[in-house]
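Engineer: here is my input; please provide its structure:
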Amino acid sequence: MPKGGAKKGGHKGRMRTYTSPEEIDAQMKEEKERKETETESGGACAQPDGVEEQLPGSGSEDSDDDEGSQKKRGGVEGMIEIENPNRIVQKSKKVTQIEMDEPKTLSRREREELEKQKAKERYMKMHLAGKTDQAKADLARLAIVRKQREDAAKKKEEEKKRAAAGKAAK
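Structural biologist: Residues are numbered from 1 along each chain as shown. A predicted model of the protein is given here:
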């Protein structure tokens, strides 16, 4: 028998909570007031609920890290400067800086895939120019087929001439 098959209740026996109409009205009034204050102050792009999220890589983040680290340390730790030589401080970089600063290093698979693609392009160029063995064989086969078709067309033409001459003779 499936879990909770007979009864259709909430999850693990919790009681259902309902929002009263008064609470809904109060929430809507607060939301309207907040929107009005945002439009008056020119903060139209502010996030809902007054929460402003900073995007990673924003400029203000770097300057706040130094001050924030001093505030976080309390007691004796704030007075003594201890630096762990093994700790690597990660500095956030903008995308444009990353692309310009570091030359693009490819993994072995990516490098092999690029080489394979370039080799295929070189082969196709040579093939179209008729320099590969396969292209030469294709061209020879094509010449044979053309010659056979020409011979067949000549035979048909001769047959028609003979048929026309035969009808004219009768």
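Engineer: can we go C-alpha only for contacts and neighbour counts from here?
Structural biologist: OK.
Engineer: give me the neighbour count for residue 118.
Structural biologist: Using other Cα atoms under 10 Å, residue 118 is surrounded by 12 other residues.
Engineer: what are the buried residues along the biggest helix by length in the chain?
Structural biologist: When the chain is parsed with DSSP state H, its longest helix is helix 133-169. Within helix 133-169, the residues scored as buried using 16 or more other Cα atoms under 10 Å are residue 135.
Engineer: and that helix, what does it pack against?
Structural biologist: Packing partners of helix 133-169 (3 or more Cα pairs under 8 Å, 6 or more residues apart in numbering; DSSP states H and E): helix 108-129.
Engineer: what's the model's confidence in stretch 144-157, averaged?
Structural biologist: Average pLDDT, stretch 144-157: 96.
Engineer: for the remainder of this discussion, apply numbering that starts at 47.
Structural biologist: Done: numbering now begins at 47, and the last item shifts to stretch 190-203.
Engineer: for that stretch, list the C-alpha coordinates in CSV.
Structural biologist: Coordinates of each C-alpha in stretch 190-203 appear next as CSV, following Å, rounded to 0.1, in the frame of the first residue of the first chain:
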residue,chain,number,x,y,z
ILE,A,190,34.9,6.6,-67.8
VAL,A,191,31.2,7.2,-67.0
ARG,A,192,31.1,10.2,-69.3
LYS,A,193,32.7,8.3,-72.1
GLN,A,194,30.2,5.4,-71.7
ARG,A,195,27.3,7.9,-71.7
GLU,A,196,28.6,9.6,-74.9
ASP,A,197,29.0,6.2,-76.6
ALA,A,198,25.4,5.3,-75.5
ALA,A,199,24.1,8.6,-76.9
LYS,A,200,25.9,8.0,-80.2
LYS,A,201,24.5,4.5,-80.5
LYS,A,202,20.9,5.8,-79.8
GLU,A,203,21.5,8.5,-82.4
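Engineer: mind checking how far residue 130 is from residue 122?
Structural biologist: Using Cα to Cα, to the nearest Å, we find residue 130 at a distance of 17 Å from residue 122.
Engineer: no wait, residue 59
Structural biologist: Distance of residue 59 to residue 122, given as Cα to Cα: 49 Å.
Engineer: equivalent analysis for residue 160, please.
Structural biologist: Residue 160 sits 56 Å away from residue 122, going by Cα to Cα.
Engineer: same question for residue 128.
Structural biologist: Taken as Cα to Cα, the span from residue 128 to residue 122 is 11 Å.
Engineer: circling back to that earlier point, and the angle from the longest helix of the chain to helix 154-175?
Structural biologist: Here helix 179-215 runs at 30 degrees with respect to helix 154-175, directions being taken by axes from the mean of the first three to the mean of the last three Cα atoms, to 10 degrees.
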